[in-house]
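Enquirer: show me how the following folds:
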Amino acid sequence: MNKTKTKASSQKIKRVAKASSKTQTEEAGQEIVSTSPIVPKNKKLNTVLMVVLSVLVLVGLGYLFKDKWLDKVVVAMVNGRPISRLELNQRMTSIYGKETLENLIVERLISDEAAKNKVIVSEKEIDDEVAKIVASLGNGAKIEDILAMQGMTMKDLRQQIKLKLQVNKILGKDINITDEEIKKYLTDNASTLTATDEAGKKQEAKEALFQQKISEKIQSWIGGLEKGNVIRFLK
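Expert: Residues are numbered from 1 along each chain as shown. Reported below is the predicted structural model:
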């Protein structure tokens, strides 16, 4: 009888201990879950946060490089009000846009034609032309000052000289200057010649006649290039 009671009591104690252990485990698990960090799952919120962060970074970079940024966007300040580079470009385009575009098209056509004909203009040839221009200015005159008055730089001048020499080499292959033409030019333009010796005068006359004949051919030549190439105007 006593053995039966002892056995029953032992089984009851085991059940109570097991139940107690299970309850403690569940409570501990709940505590662990409750103390775990909550990770947001809202993708829209994450996107907004990333956008805000990106804007803050851009603002910070803009502040650090504000001087360089202003140079690119603003060309002048008048009583604290900026004149933007876009405003300047729009005004210049409205006034000079058509003429400038036509010049750019012609320059591109000449460059392409020179490449097609394997025409090469060396830096020395350009240097020689620049030297001639400098020599013709006279004492005290600086070519940089004259270019600045025309809104040009030395780089612009060298590019124009290169185009001129390319045209001369392409169109000048068939041009001949006779002695009679040189003699007539010397007679008709004696007062405008800058050379002082006879050989220099003849060379000056020959170059002037050569440029005259180039000028006579260039318009029709460029017209042919414009018709023979694909030019699309985009607006």
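Enquirer: from now on I want contacts and neighbour counts done on CA atoms only, so please keep to that.
Expert: Noted.
Enquirer: what are the buried residues along stretch 109-128?
Expert: Buried positions in stretch 109-128, judged by neighbour count with 16 or more other Cα atoms under 10 Å: 109-111, 113-114, 119, 121, 126.
Enquirer: per the record, what domains does this protein have?
Expert: 1-36, 93-228 (automatic domain parsing).
Enquirer: go through these and find the least confident stretch.
Expert: When these are compared by mean pLDDT, domain 1-36 comes last with a mean of 45.
Enquirer: tell me where this protein has strands.
Expert: With DSSP state E, the ranges of strands along the chain come out as 74-78, 81-84.
Enquirer: relative to residue 148, which of the ones you listed is closest?
Expert: Ranking the strands of the chain by their distance to residue 148 (criterion: Cα to Cα) puts strand 74-78 first, at 18.3 Å.
Enquirer: from the buried residues of stretch 109-128, which single one is nearest residue 185?
Expert: Distances from residue 185 to the buried residues of stretch 109-128, taken by Cα to Cα, are shortest for residue 126, at 26.4 Å.
Enquirer: contacts only, for that closest one.
Expert: 158, 161-162 (Cα atoms under 8 Å, 6 or more residues apart in numbering).
Enquirer: which one of the residues you listed has the most neighbours?
Expert: residue 162 (20 neighbours; other Cα atoms under 10 Å).
Enquirer: separation between that one and residue 125?
Expert: Applying Cα to Cα, to the nearest Å, the value for residue 162 to residue 125 is 9 Å.
Enquirer: coming back round to it: next, format the strands of the chain as TSV and append distance to residue 130.
Expert: Formatted as TSV, the strands of the chain follow (distance: least, Cα to Cα, whole Å):
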stretch	distance to residue 130
strand 74-78	31
strand 81-84	35
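Enquirer: could you dump those into JSON lines with distance to residue 205 and mean neighbour count added?
Expert: Output for the strands of the chain, formatted as JSON lines (distance: least, Cα to Cα, whole Å; neighbours: other Cα atoms under 10 Å):
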{"stretch": "strand 74-78", "distance to residue 205": "46", "mean neighbour count": "12"}
{"stretch": "strand 81-84", "distance to residue 205": "49", "mean neighbour count": "14"}
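Enquirer: rewinding a little: and the domains of the chain: which comes nearest residue 74?
Expert: Comparing the domains of the chain by their distance to residue 74 (Cα to Cα), the top pick is domain 93-228, with 17.3 Å.
Enquirer: gap between the two ends of the closest one?
Expert: Span of domain 93-228 from end to end, Cα to Cα: 27 Å.
Enquirer: which of the buried residues of stretch 109-128 sits closest to residue 148?
Expert: residue 126 (19.4 Å).
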